[in-house]
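Participant: Have a look at this prediction, sequence included:
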Amino acid sequence: MYADTRRRRKEGRTDERLKKGAVTARHRADEGLGRSRGGLTSKIHLAGEGGRRPLGLLITPDQAHDGIMFEQVMAEVRVPRRGGGHPRTRPDALSADRAYSCRRIRTYLRRRQIFHSIPEKKDQVGHRLARGSAGGRPPAFDRAAYKRRNEVERMINRLKGFRAVATRYDKRAYVFHGTVTVAAIRLWLRD
């Protein structure tokens, strides 16, 4: 093996295992692992209510962009009504960061009549201004509502307070989803 590796290096061919940071084997889709700066990890996408308690969550590989999973996370939100009937699926208001600033998400929120406070990206502002009157008016933005966006970050930190969530011992994504769900239930029970 050693002589074979030396010969490959001499010829300019390197094995994948020799490259720094290379993935040696493909991961199965049900593991929910993806490559990022921190290595092989997964991402927790979640929607929460004002008291820093999760309402809906999804687990994806880490390279998945937040904006792609927005509609699936919103579909996970179900709040039962006290008097019975269909659960409530539409929040009164929503605050999100710039990752969710795209036309598709804004159209989705307008169609569902959800007031949202999402800042516009600088390149989007430039493109809109470059189009002149055809660019339309800027989207509504409420600074007071946006200040509450940090509650989601604090909720994630509370979830990461559970060791099993922070280190992800589970191999499969559905098992890790169960671990995060149990941690979310414990957050609800604490308050």
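Facilitator: Received it, and whenever you're ready, just let me know what you need.

Participant: how about the helices of this structure, start to end?
Facilitator: Counting by DSSP state H, the chain forms helices over residues 2-11, 70-76, 103-111, 122-130, 143-146, 150-159, 163-167, 173-190, given from the N-terminal end onward.

Participant: now for those, which one comes closest to Arg88?
Facilitator: Between Arg88 and those, the shortest separation by Cβ to Cβ is 12.3 Å, and it involves helix 70-76. Glycine gets a C-beta too; all of them are placed from N, C-alpha and C.

Participant: So which bits of that closest one are buried?
Facilitator: With burial defined by 16 or more other Cβ atoms under 10 Å, the residues of helix 70-76 counted as buried are Phe70, Val73, Met74, Glu76.

Participant: rewinding a little: CSV please, covering the helices of the chain and showing mean pLDDT.
Facilitator: Conversion of these to CSV gives the following (pLDDT from 0 to 100):
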stretch, mean pLDDT
helix 2-11, 55
helix 70-76, 92
helix 103-111, 92
helix 122-130, 88
helix 143-146, 89
helix 150-159, 90
helix 163-167, 92
helix 173-190, 92
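
Participant: out of these, nearest to Gly83?
Facilitator: When the helices of the chain are ranked by proximity to Gly83, the top entry is helix 173-190, at 20.7 Å, counting by Cβ to Cβ.

Participant: Can you name every helix or strand that the closest one contacts?
Facilitator: Using 3 or more Cβ pairs under 8 Å, 6 or more residues apart in numbering; DSSP states H and E as the contact criterion, the elements in contact with helix 173-190 are strand 39-49, strand 53-61, helix 150-159, helix 163-167.

Participant: Go through the buried residues of helix 70-76 and say which is closest to Leu189.
Facilitator: Glu76 (19.5 Å).

Participant: which residue packs closest to the closest one, ignoring adjacent ones?
Facilitator: Taking Cβ to Cβ, 6 or more residues apart in numbering, and ignoring the residues beside it in sequence, Glu76 has Gly56 as its nearest neighbour in space, at 2.9 Å.
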